[in-house]
Structures are given as C-alpha cells and as structure tokens.
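1. okay, structure incoming, though there's no sequence with it:
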C-alpha cells in the first residue's frame, strides 16, 4: 500500500515496516487520536490464514496487560482486505538483544517477572500462547522492564472461566488444535507440544518461558541440533543440564526455578505464569535471606504448596512444616554443597543408619500425625502437616493422625510430631517448626513457611539457638524438650491442652499469666523505650507470656509491630477459643473492616432473626476486650463497634472462603447504600470485592468525580482507572460469548455500561489535562468519545477535552476534524438521537451519575461549551473563518448569557476574549477574560477561574499594566500550585518571565523561561513551548545575546509551523536577531514572511507590533528606506486604531508607551517619517 492510503476510514498508511508469508505490516496513524499503530494487512489470504488472523485479533482484544502488545482494532476494509491494528513499538526484539550479549542475572530476573506476569494474565483468561520465543518478545526502547509478548497467531483460546453477577463460575471451551499437529518453534517447545498432544495448556508456555530465560543467560537455547526432529526429540526425551553448570553466577533459587520450569512432565512444572511470577518474586527473598539453605528445596516446596492449595476448601487453613537438616550416610558424595554450605558446621549422620532406613524411620514417625515427607536435597527432609479450618470445628479429631481442626490443635499436633522426629536425631542435627497459611496465596505461601524454617536453621548455625529463637518469625527450633515449649507459638490455650510441653527448667517462662505485661516490658526493653511500646505490648492481651516476650524482643530490635505472621497466628488462636456463634459474628463484622455496625452484621448473618444472638454476644465481646463500642456512630440509630486490634479483624476475615467474601461484600455494600454511606470509594471497594462490576464501576465513578471536584487529581485518575477496569471486564465477558462470533458491536448504552465507562475516561481526561499530561488526556477523551452517542452531553464533553488536548499538542488536523464535527452537530432531537447521556442502571433505567460527574446540566450548555472550545482551538491554528462561523453559532445558541449556567456563560466570555486577542483588540481581550473569571467564580469552578486568570494577566501585560499583570499571574501561580494544576502553573511562569524582563531582571527572566521550556516538553504542549521559545529569543536579544536569540527563534518557528499566528512572532524575533548580527537580507525575508501571515489573517494573538518593528529595522538595514517608511506608516496607523478602542485614557497611554514593542514602533515611525520629510524637502530644494 502507498503512503497516504487510508484503511477502513481510520488508519492512514505511513510506510512499510515488514512483510512475510501472510501479509505485510505497516506503520500507520490512527486518525481517531493521531497515535501510531502497527497495521497488519492480510493479502489474498487463505481461509485458514483469515481464521488465524481473526483468532489472534479476538485473543488480543481479550487481553489487557502492559506486558502484552496492545490491541487497537481489527476488521475487514472496503476492498475485503483483512487487517489487525496493534500499538506501534519502537525498539528491538529479544532475539536481537541476546545475539549481541547474554543478559545479566538481574536483567534476566527482571525480564522473567515481566513475561511471567503477562503470561499469567493470558492464562487466567484460558489463553495459551504456544510460541513464546525471543523473536516474539519485543523490547520497546530496548528496556527489559518494558518487554511485551507479541504474535498470538497460533495461540489457543482454550478454557475460559468467569464469574457472572451472581458469583457463579461459568465455563466453556473452544476447540483447539488437532492432535498430532506440531505448532511452535523447535528449541522452545514443550515436550507435549513437540509430540502434538491434544491437551496443551499453560504449562507449555511455562516450559517455553524457561527456554527463553535459559537462552538469555547462556546465549543459546537449551535444546539445539542440526535437524528439527533432533531438537524435538531432545525436548521430549532429554532434559537440559542445570543452568548453573553454564552460568555459575546464577543464584541457586533461580537455578532451581528454571529447572522446575523445564521439567519434561507438565505435572512437575509451575501450573501457569502466575505461579512462575510468584516464584520469581521469591527468588530475591530467598537469595537475600536464606536461599543458600535450600539446596534444591524451592521446586519441591512449591509443588507441595500447590497440592495443598488445590485440596483446600472452605475457610483458610494453617500449614505446619517440620524441616530437618542433617548429613545422611553417603551425603558427602551426593554433590557439592551450595555456596553457603561451607559456612555451616558439619551436619551429623542420623544415627549412622543407611540413608534409606533413616528416611523410612522419619516417614514412619510422621505417618501417625498425617505428615507427608519429601526429600528436598541430600541434607534436607521436609515433613508437611496440613491443618484444618474453623469450618470443621464441630467435628473433633478422631485420632492422633487426624487432621488438626483448630489453630491451637494444629500447634499441639505439629509440636508432638516435631518432638517425635527430634527423638530420632543425634545431637547437632537441626529441626525447625514453622506455621503459616496454606490458602489464599496458595501458589507460594507454603514456600514462605519453609523459607522461615530454613532461616531459623541458618540462624542457629550462625548465632546459636538462643538468637535464632529470638529473631521473630512464626517458627521455632526444636533442639530439646525445653525448647519444645516454644512451640506454643503465642497461642493461648496450648499450655492448657499440652501441659507436658511446659515441663522443664523454664516452664514458668511459657505459662500464661505468670508475670503481668507491665513487668515484662521493662525487662525486655529497658526503661527508655517509652509508653508507646508498653501500650503496644499491653494492647496484645490474653496471650501467653512467651508471646508477649517474643513481641517485646521484636520491639527491642526496632520492629514495633512484631512479626506479622506471629501476630496473625495469635489472633487465629483467640478465634479458635471462641464459641462458633461468636466466630460467625466476628467473621461477618470483619467484612466491614476495623469498624462495623450491629445492623450491618445482622444483614450479613441473615437479618432480624439473628438479632437476639447479636444482642447477647456483642456485650460479651466488649467485656472480653475483643471489640469496643464507640460512643457515637456515624449512622444515626446504629450501634458502631471496632475491633480492639487490627490483627483480630484480619484473622477473622482470613477464615472466610472466597464465596463468603464475595457474598459478604455485596451484602455489606448494599447495607451501606441503604443507610446512606457517603464515602463512594468505600462502597466501590465493597462491590469490587463482591464481584458486582456494574455497581462498583458506578461508585468508582462517583468517587473519581468527587476527587476531581476537590482537586485530588491523582486520586481521581486512580479511582477512575479502577472503575474502568470493571468496564473493560464487562466488555470482555460480553465478547467471550461464543454466540457473538462476528456480530455487530454492542450498543454502548447497553448493559455493558458504556456511558459509565466513558464518564470514567472523561474524569481521567480532565485530570490528566490539568496535570499537564496531554497525551494521556487526549487518549482518554478519544476512548470516551468512541463510546458515546453523538450529540449527548457526555459526547460534547469528550469532544471538548479532545480538542483542548490535541490543540495544545499541535495536532490541528485532529482538532479541526472534531471542531467540524461539533459545529455540524445539531440538537439531539433533530438528529433523532436520545437526549439523555446514555447511562443505564441494572434494570435499564437512566442514571444521573455521569451527568453529575462532568457537571453539565443540559445539552444546551454542553453544546455551548464544546462550540466555544472548538472556536478557541481554531484561532491559534489560523482557521479564522471557521472560528468566526462557530462564534456566530455560539451567539445564536447562547442568546441571553444570563439564561445560561455560569460555567457555560464563562466559556462564552472566554471565547470572546480569545477572539478579541487574535483580532488585535486589547480592550475586548481584557473585557472578555475579566468577565470569564467572574463567571467561573460564580459557578464555583476554581480550576477554570485559575487558568482564565492567567489569560487575564496576559491581557493586562499587553496593555502595559505590569503591576496588575504580575499580581494576577502570581495569584494564578499560587492557586495552580495549591490545586496541582501543572499546566496552569507552567503558563503562569511563562508570562511572569516577561514581567521580569519588562522590569529589567533579564537573568532571572531567562532562567525562568528556560525552566518553562523544560516543563512544556514534559507535558507535550507544543503550542506553549513554541510561544515560550519566542519569549526566550526576545529576552536573549534584550540581553545582547543575538546568537542565542536566533537559535531560540528558529526553534520556535519550527515548532509553530502549524500555528501561523504564533509563528509570525517567532519569525519577527528571528528577523531582529539576524538584523542585529548584520545579516539584513535574511532578516528582511523573515520579516516579510511574518507580515504576510499578519496580512492573511488580519490579526495575530501576540507580537503584532514586533512584526512591524522587525520589518522596519530589517528594511532600514538593507538600505530600503522607502520600504521602511511605508511599513512604519502602516504600522503606526494600525497601532493607533487599536489604541482608539481603549476608552480609559490612562490605559490607552499605557498601551502605547509602556508596552516595549509599541513604544519602539512609534519611535521608529517618528524616525522614519522624519527622515522621509527631510529627504522630500532636500529633493524639492534641489529642483531647478
């Protein structure tokens, strides 16, 4: 395709970027937002190729992740050409990067995290890439942290699963590849993929990702060969060597992870990208803390953790592990120790028995406790003891080997097992016990528990048992019967159920109640730690003495919160000792957070029938100091309570199953709505956690609008983004319906919440604009406009934001297109379109939130505002005729401004001020902006009043009112800084630079102007940058630096190519700099070009007098006295005509003599005209 060709009336071809067997890829421009895209064109494709492109498009449209190339659009153009548009990426692919040099370990881990997260997002949606190779991974700008996965051409959309509005998981499976067909790239394919198995799932991508990481670190793929079949056979039958054999600098944890990913059997690999991501995150933790103690443990530990997570159900469960470290016979020959192994003392042999017999003895001893034993490495054995949840509390354990049912039972159970195993081991062998949760983050929490146990053993080796036990963490060493007393782990009630653990010389140290907390605190902390730490310890009452001492040790070490795992475990223990009915109350209360209400808890427990139980138990919970009642409630008539400690609330919440959480948050959100909760984000969070996408989206919209209203722009953007994610999810769920294959796009006002999503994007667009993030503002506004019915208030608002952002970025083609669109849009009723904003509630009824979010009362005001914005953007582009036509429409539509909403009236006044400025009417300029500021202040719109105050300051500056101009600009700057309006602050500083220059403070003025230029670059504001460079040129000229003045003027003229009125000022500044350097011919050419712009447009917004000053100076320097005289006469007449419109004599005088360019022009005119009169007299005198 030739450059300039438009595809599907949207994408304009720029150039060919590449071609292949299926078609070509072009760099093109998306005309909706002027962004670059990669346009994949399929030329005369077969039916199979067409289906492949369609499948890739649908898959990419379903994915949203920064590590996956972004989908833009796809379809069939008018000539039946199929296309797929993706984001344009500049950089290189990973294959090119690795061909130059291997990656560092840090770089490889960074890349792994990025790609694993991206694949995890795809795997969550049931999508398997099936061709993860270095060539399909792109590095924008060469940055590893920005890597993106591309080419989903052979990806398989397999099992999709999602939750519907009722919390029911629904699934369907699309047909995949035929069995026996090998798809992928040899050297990176998983064995099952190489065999052509029918069921190729996410674990195939995990294998391929392991191959990619291997090649990044070694410079070659793990499976290589001369023939394709040789490569496939190696992948299917022979595993690669350990990565550390080729890269000794690779940490053991990373070496283990890659080996795990490259397991030949898919059952032995991480199950998806998310599990790889969790393990990759743990690589650094293990490497920093106790990675040298694992000796191959991570892969096995994570497999066990995964098995536990998959078998867990109901409430969240506790997991205990017993980790044994010792040298079995023959261990010395088993392999070289890890890097830190030499730092450990030699581990003793286990009773001198053969390895198999000793391991069998451990298995036999653990079996009665339900322990699962696995060898992690030659010197490590792991015994895993899965616990139960409170859901099973009603059924006590039937035997010692039965699964523990409560946290306290679990501690007792694990302690007995650890003691039984310890009795098998000789002195010097290490046994550690640790406990944690096995579900909720089930892919990796088991490994954290094992890491804690390993860290304890490592600490023992380095510092001895006492220090190891005191270092916190929810675990202990089992060195002898006395140390076994520490397995109480801070759980109240263990001493009561397991008294034999307290026997020994320090029994008093582990019995609750022996010493009061206030006696223990000074002993552990000394006298200087203050009341805060004492209160911290006292606030964690009703725990064993050991628990308190452990917390005191943590405080003494600087950890004021203590070990989170330990605190959570103690809270679990307190729950375990409570009546089941009380636990239910606390679990329901925990859904609300640290504060809750009686009525809310009743609603979650089933309504009024639960009231007697609540009334009986809530006072009891207060008496037990688990909760406390607040004196005043935020909801009249509702008793308000709080948890005494946040850990108790966390523990109660942790026992809820996922289904209970979903239902609980939905009920909590509905109850809070009913009682009139005003915190929109609190409601949004509940519906978000409850899976109520539509309601969450609407409350996030209200919260975002509230944040925007109070000036918290960052919060507005963040809240809107969270709401938009719900809208995107609704879209994906609708797109995932197999019955919609090839169907028309859904109505944006339908159940997918298009109008609400558009309103969220509008909030973001406005917030980004005020923050000076114009590219983001333009993109969000474009996304909103595409979703909205033409002619509705939100559509006009989207057009307004889009024109402002694109105009300031210098994209006047897009600005003009939207100005035309707005100008030709009549009343919605005339166009046959609905007059509402398109928002719908769950039952299809119109909603008002989007209207409130953008503060537009009606269509008329919205149209007036958009038309004003369109006209204001056309004036700087030099489209005066089109702008005047829109001004006429605004006047006709607005009528009596008193009948308009103040915000709309302010926009009309601002437009009239801008029009006057561009037509050279300083009086109208001042009047328009003065009235606009007053109108915006009446409307309570502080941001618009602030930005318009900058224009008012400029109007005063053009009149020579330096003091008043400085006051207005300084006030605007202070207000903008206070509200976080970066773009307004930048404009204020831009013109304060001219005030400083007018006062003769040239160095300060130039420094400030240079700062503004940098700010403009960061914001992408070409219009402001170009104008500021003109200012810099004038200040440099005044300072006598004509070379710098020329450079700045040339830069300004280049930037302002598409803004002729502003470019005239740049050319004038250039002409003056050239004249000052003795280059009159060049100067005269630039000055005449500037005057030509002025003549064509009839006026310019700034520097009109400067154009004539430059022209007269250049003509005089070039020896064209007559031309200089004529130009001076024209300029003087125009200047005096402009001054005549100023009715105040003092202001008129200021305009003529205090504005530097005006005063220079009058002086030149007097000089030129005086010389002309003398020459004429001399000529007459010389006549015969």
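-> That came in fine, so what should we check first? Keep in mind that this is a model prediction, so the values were computed, not measured.

2. what stretches of the stretch 851-1000 of the chain score poorly on pLDDT?
-> Along the stretch 851-1000 of the chain, segments meeting pLDDT under 70 span 851-857.

3. also the stretch 1-150 of the chain?
-> In the stretch 1-150 of the chain, residues with pLDDT under 70: 20-22, 44-45.

4. equivalent analysis for the stretch 601-750 of the chain, please.
-> 608-612, 728-750.

5. equivalent analysis for the stretch 251-400 of the chain, please.
-> In the stretch 251-400 of the chain, residues with pLDDT under 70: 282, 284-318, 326-358, 375-379, 387-400.

6. separation between residue 1041 and residue 1047?
-> Residue 1041 is 10 Å from residue 1047, where distance means Cβ to Cβ, to the nearest Å. Quick note: C-beta positions are derived from backbone N, CA and C, even for glycine.

7. ok, now residue 49?
-> 54 Å.

8. okay, domains of this structure per the record?
-> As given by automatic domain parsing, the domain ranges for the chain are 1-88, 91-288, 315-479, 578-677, 696-738+747-894, 902-1006.

9. okay, those domains in TSV with distance to residue 1066 and mean neighbour count next?
-> Shown next, in TSV, are the domains of the chain (distance: least, Cβ to Cβ, whole Å; neighbours: other Cβ atoms under 10 Å):
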stretch	distance to residue 1066	mean neighbour count
domain 1-88	23	17
domain 91-288	32	19
domain 315-479	59	20
domain 578-677	56	18
domain 696-738+747-894	13	22
domain 902-1006	15	21
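
10. wait, which of these is closest to residue 1100?
-> Of all those, domain 902-1006 sits nearest to residue 1100, with 6.7 Å by Cβ to Cβ.

11. check the separation of the first and last residues in the closest one.
-> 39 Å (Cα to Cα, to the nearest Å).

12. test my guess that residue 1107 contacts residue 1095.
-> No - the criterion here is Cβ atoms under 8 Å, and residue 1107 misses it with residue 1095 at 10.0 Å.

13. neighbour count winner among the two?
-> residue 1107 (29 against 10; other Cβ atoms under 10 Å).

14. and the pLDDT at the more buried one?
-> Looking at residue 1107, its pLDDT stands at 95.

15. and it, what does it touch?
-> Residues near residue 1107 by Cβ atoms under 8 Å, 6 or more residues apart in numbering: 1064-1065, 1067-1068, 1087, 1090-1091, 1094, 1100.

16. single out whichever of those residues has the smallest pLDDT.
-> For these, the least confident entry is residue 1100, with 82.

17. list phi and psi for that residue.
-> The phi and psi values for residue 1100, taken as degrees, to the nearest 10, are phi -140, psi 160.

18. how about it, nearest residue that isn't a chain neighbour?
-> For residue 1100, ignoring the flanking residues on the chain, the nearest one in space by Cβ to Cβ, 6 or more residues apart in numbering is residue 1061 at 4.1 Å.

19. got the contact list for the one you found?
-> If you count contacts by Cβ under 8 Å, 6+ apart, residue 1061 has them with 875-876, 878, 918, 1093, 1097, 1099-1101.

20. which two in those residues are spaced the farthest apart?
-> Going by Cβ to Cβ, the pair spanning the contacts of residue 1061 furthest: 875 and 1093, at 13.5 Å.

21. I'd like the mean pLDDT over the host helix or strand of residue 588, please.
-> Using DSSP states H and E, the element containing residue 588 is helix 580-590. Taken as a whole, helix 580-590 carries a mean pLDDT of 90.

22. how about residues contacting it?
-> Helix 580-590 has contacts (Cβ under 8 Å, 6+ apart) with 390, 393-394, 575, 578, 596, 600-601, 604-605, 613-614, 617-618, 620-621, 626-627, 641, 643, 648-650, 652-653, 655-656, 660, 664.
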